[in-house]
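Colleague: Could you work out the structure for the sequence below:
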Amino acid sequence: MKIKTEPTLVERAIAEIPGFAEVFNKLKLQVTMRGQSKSTLDNYIRRVASVSLHFSALPEQVSDDDINLYLASLASSAKFPSRSNFKHAVYGLRYYFRLIGQNKRAIELTSLKKKATLPVILNKGELRELFKASRLLKHKIVLSLIYSAGLRGQELINLN
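Modeller: Numbers count the residues shown, from 1 in each chain. Presented below is the predicted three-dimensional model:
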């Protein structure tokens with residue numbers, strides 16, 4: 001049996017922020033009516049709870065500038081450098097603002113640009129080594145086909 005030591009973010013927000021219990025119930029009802037997964041509710045409500053606890057107020061009571069500063073600190077945080085943490089915060093707030101009828105605020109929330117990365121391209125020597133590494137002719141043909149046609153893994157699997 002798991003012993004609970006600390007309350008979760010959502011439990012803390014329900015206890016500390018006036019009106020957060022209603023927000024939680026409203027979000028839960030909306031996610032259920034839309035047929036979305038439980039993890040959607042969990043992710044969104046945790047992020048809304050985190051914002052609410054940070055400002056000790058519901059998100060609609062916080063200015064846009066303060067929310068943007070909070071999101072900027074999330075994006076550059078050494079503690080949580082992941083893009084998904086930032087994205088879930090933005091998506092959770094967007095969902096929440098749309099739910100309470102503040103669509104304009106939902107649209108104005110910022111997004112992180114995805115870093116553009118270039119694919120790794122092998123030089124001629126590396127390609128020769130790759131093709132020589134296979135012992136069977138069938139494997140050499142498959143490797144040559146994948147490379148020359150630019151096939152993805154699933155496309156190769158679908159070949160007969």
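Colleague: which residues sit against stretch 115-129?
Modeller: Outside stretch 115-129, the residues that touch it by Cβ atoms under 8 Å, 6 or more residues apart in numbering are 130, 147. (Each C-beta comes from the backbone N, C-alpha and C, glycine too.)
Colleague: That one - what's its average pLDDT?
Modeller: Averaged over stretch 115-129, pLDDT sits at 84.
Colleague: any idea how far residue 129 is from the residue of the chain positioned farthest from its centre?
Modeller: What lies farthest from the middle of the chain is residue 137; by Cα atoms, centre = their mean that is 43.4 Å. Distance check for residue 137 against residue 129: by Cβ to Cβ, to the nearest Å, it reads 17 Å.
Colleague: Okay, now the unreliable bits of this structure?
Modeller: Along the chain, the parts satisfying pLDDT under 70 run over 1-4, 77-82, 110-114.
Colleague: per the record, what domains does it have?
Modeller: 9-107, 124-157 (automatic domain parsing).
Colleague: want to throw these into JSON lines with distance to residue 117?
Modeller: Listed next are the domains of the chain as JSON lines, based on distance: least, Cβ to Cβ, whole Å:
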{"stretch": "domain 9-107", "distance to residue 117": "13"}
{"stretch": "domain 124-157", "distance to residue 117": "17"}
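Colleague: Tell me which of those domains is the most buried.
Modeller: Among those, domain 9-107 has the highest mean neighbour count (mean count of other Cβ atoms under 10 Å), at a mean of 16.
Colleague: ok, now which ones touch the residue nearest to the spatial centre of the chain?
Modeller: When Cα atoms, centre = their mean is applied to the chain, the residue found nearest the centroid is residue 84 (3.5 Å). Residue 84 makes no contacts at all, as judged by Cβ under 8 Å, 6+ apart.
Colleague: now do residue 23
Modeller: Residue 23 neighbours (Cβ under 8 Å, 6+ apart): 48, 52, 58, 96.
Colleague: Which stretches in this structure count as helices?
Modeller: Secondary structure of the chain by DSSP state H: the helices cover 9-16, 20-34, 38-55, 64-75, 83-99, 103-107, 124-133, 137-149, 153-157.
Colleague: rewinding a little: among the contacts of residue 23, which one sits closest to residue 102?
Modeller: The shortest approach to residue 102 among the contacts of residue 23 belongs to residue 96, at 8.6 Å (Cβ to Cβ).
Colleague: quick one, phi/psi of residue 158?
Modeller: Dihedral pair for residue 158: phi -80, psi -10, per degrees, to the nearest 10.
Colleague: Many thanks, have a good one.
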